[in-house]
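>>> Prediction below, plus the sequence it came from.
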Amino acid sequence: MICVVLICCFARKKSSSRTKHNMKRLFSDASGINIPIYTYKEIEKATNGFSEKQRLGTGAFGTVYAGKLHTNSWVAIKRIKHRDTDCIEQVVNEIKLISSVSHPNLVRLLGCSMENGEQILVYEFMPNGTLCQHLQRERGDGLPWPVRLTIATETAQAIAHLHSAIDPPIYHRDIKSSNILLDYNFKSKVADFGLSRLGKTETSHISTAPQGTPGYLDPQYHQNFHLSDKSDVYSFGVVLIEIITALKVIDFSRPPNEANLASIATDRISKGRLDEIIDPFLNPSSNDPWTLSSIHNVAELAFRCLAFHRDMRPTMMEVAMELEQIKLSRWELGEEINCEGASLEASPCSSSSNLSEQPLSKGINKNGGVQNRNGLFML
């Protein structure tokens, strides 16, 4: 009996070792890009067995957990759902593509694990949560306009990079304010790019059902399921309106014809009534002509992004360049854009979400634990 147990344990260990070896071979053979490959046990240990106490949130692509690996620094561990287990080499190549993309405003992939039929991605941890949380006052008291404009500009540059500097281009498919994460200095980084390629999807950019989040979906994509770079442009236009208004993208507590934020915005902008929906926190009526002028300029840009016909929308490169010009126009007035006035919750203990679409009131505490409303849970 003891011999049988020992043989089983040896076989399991050998199988695990062979799996890890094969994974390393697949990663090294494809294009020479190497990222750390963790065992399932290492991931399980880092998350305390995928403990609910360490869960940061759950979204369209999977569940995210806080964890510490060998570096003893916090990372975000995403456990992908709807995994494609039929073609492991294709999945590895997709992960390699994501890991090869480098831009200061894209969340970095730090490693992965693909044992036991799992697809687990390890990302850098972003301590200041999501743009959505700050706009909805779930974190802090609000962001001043210069900070919002900088976040918008950085985000546009990141998406433009995915569209223009990558071959083949990467279409995000799920641009939204909860996928825009903020670091210690409120520098923005786009999350979840490339993840739509990891599931059981077609090899082309034609999908059999709309992908994305209600309120952000390109209306043409919703009709014909054809994906293009202009689908991301539309979604980003909605984010720009969020930044200006701090209103929810879909809110059924509003009148039926105003439940959709994009509909409200296009109506008000076309009628010259934008001021009615500007976030009062921005105080646009104050003696600051640049703030009001730049808000209107961003709104006009968003209006073009929200055009029904995608041919009428600008490219993300054009959007990024225009936002940069709007941001730089403040220097003409002798002013400097900075984060003064933002609710700087830079410590990890204030973070309530990371890489997730449904943020929770949880975060990482500097003393080494996950925190929620009930107190501190040591890891």
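Structure received.

>>> just the strands in the stretch 51-200 of the chain please.
55-58, 62-68, 74-80, 109-113, 120-124, 180-182, 188-190 (DSSP state E, counting those that start in this stretch).

>>> Name the nearest residue to residue 36, ignoring sequence neighbours.
Distance criterion CB to CB, 6 or more residues apart in numbering; nearest residue to residue 36, sequence neighbours excluded, is residue 111 at 3.7 Å. In short, each C-beta sits where N, CA and C put it, glycine included.

>>> Counting neighbours, what do you get for that neighbour?
20 (other CB atoms under 10 Å).

>>> Please tell me how far it sits from residue 71.
10 Å (CB to CB, to the nearest Å).

>>> Overlap in contacts, these two.
With CB atoms under 8 Å, 6 or more residues apart in numbering applied, the contact sets of residue 111 and residue 71 do not overlap.

>>> on that earlier part again, check the strands of the stretch 51-200 of the chain for me and report the most buried one.
Most buried of these, by mean neighbour count (mean count of other CB atoms under 10 Å): strand 180-182, with a mean of 28.

>>> tell me the domain boundaries of the protein?
Here the domain parsing of the chain from automatic domain parsing is 30-127, 131-333.

>>> How far does the last one sit from its chain's centre?
Computed by CA atoms, centre = their mean, to the nearest Å, the separation of domain 131-333 from the middle of its chain amounts to 12 Å.

>>> tell me, which of the domains of the chain is the model least confident about?
Lowest mean pLDDT of these: domain 30-127, a mean of 85.

>>> quick one: contacts for residue 98?
Residues counted as contacts of residue 98 (CB under 8 Å, 6+ apart) are 109, 121, 193, 194, 195.

>>> burial count for the fourth one?
Around residue 194 sit 21 other residues, with neighbours defined as other CB under 10 Å.

>>> close enough to count as contact, it and residue 101?
Yes - judged on CB atoms under 8 Å, residue 194 makes contact with residue 101 at a distance of 7.2 Å.

>>> list the residues that contact both of the two?
What both residue 194 and residue 101 touch, as defined by CB under 8 Å, 6+ apart, is the set residue 170.

>>> Residue 42: helix or strand, and which one exactly?
Assigning secondary structure by DSSP states H and E places residue 42 in helix 40-46.

>>> Flag every buried residue along that helix.
Within helix 40-46, the residues that count as buried by 16 or more other CB atoms under 10 Å are 40, 42, 43, 44, 46.

>>> And it, what does it pack against?
For helix 40-46, the elements it packs on are strand 62-68, strand 74-80, strand 109-113, strand 120-124, judged by 3 or more CB pairs under 8 Å, 6 or more residues apart in numbering; DSSP states H and E.

>>> Can you lay out the strands of the stretch 51-200 of the chain as JSON lines showing distance to residue 214?
As requested, those are exported to JSON lines (distance: least, CB to CB, whole Å):
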{"stretch": "strand 55-58", "distance to residue 214": "17"}
{"stretch": "strand 62-68", "distance to residue 214": "19"}
{"stretch": "strand 74-80", "distance to residue 214": "22"}
{"stretch": "strand 109-113", "distance to residue 214": "27"}
{"stretch": "strand 120-124", "distance to residue 214": "25"}
{"stretch": "strand 180-182", "distance to residue 214": "18"}
{"stretch": "strand 188-190", "distance to residue 214": "20"}
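
>>> Which one of these lies nearest to residue 158?
strand 188-190 (4.5 Å; CB to CB).

>>> From the contact counts, what lies against that closest one?
If you count contacts as 3+ CB pairs under 8 Å, 6+ apart, strand 188-190 packs onto helix 145-164, strand 180-182.

>>> Looking at the contacts of residue 98, which is nearest residue 307?
residue 193 (23.6 Å).

>>> count of neighbours near the closest one?
Residues near residue 193, counting by other CB under 10 Å: 26.

>>> now residue 130
Residue 130 - counted by other CB under 10 Å - has 29 other residues nearby.

>>> cool, and residue 285?
Neighbour tally, residue 285, other CB under 10 Å: 11.

>>> Now for it: which residues touch it?
residue 292.

>>> Quickly note the distance from it to residue 137.
Between residue 285 and residue 137 the computed distance is 21 Å (CB to CB).

>>> thinking again about what came up before, I'd say the residue nearest to residue 36 and residue 78 touch.
No - assessed by CB under 8 Å, residue 111 is found out of contact with residue 78, at 11.2 Å.

>>> Report the set of residues contacting both of the two.
Residues touching both residue 111 and residue 78 (CB under 8 Å, 6+ apart): 121, 122.
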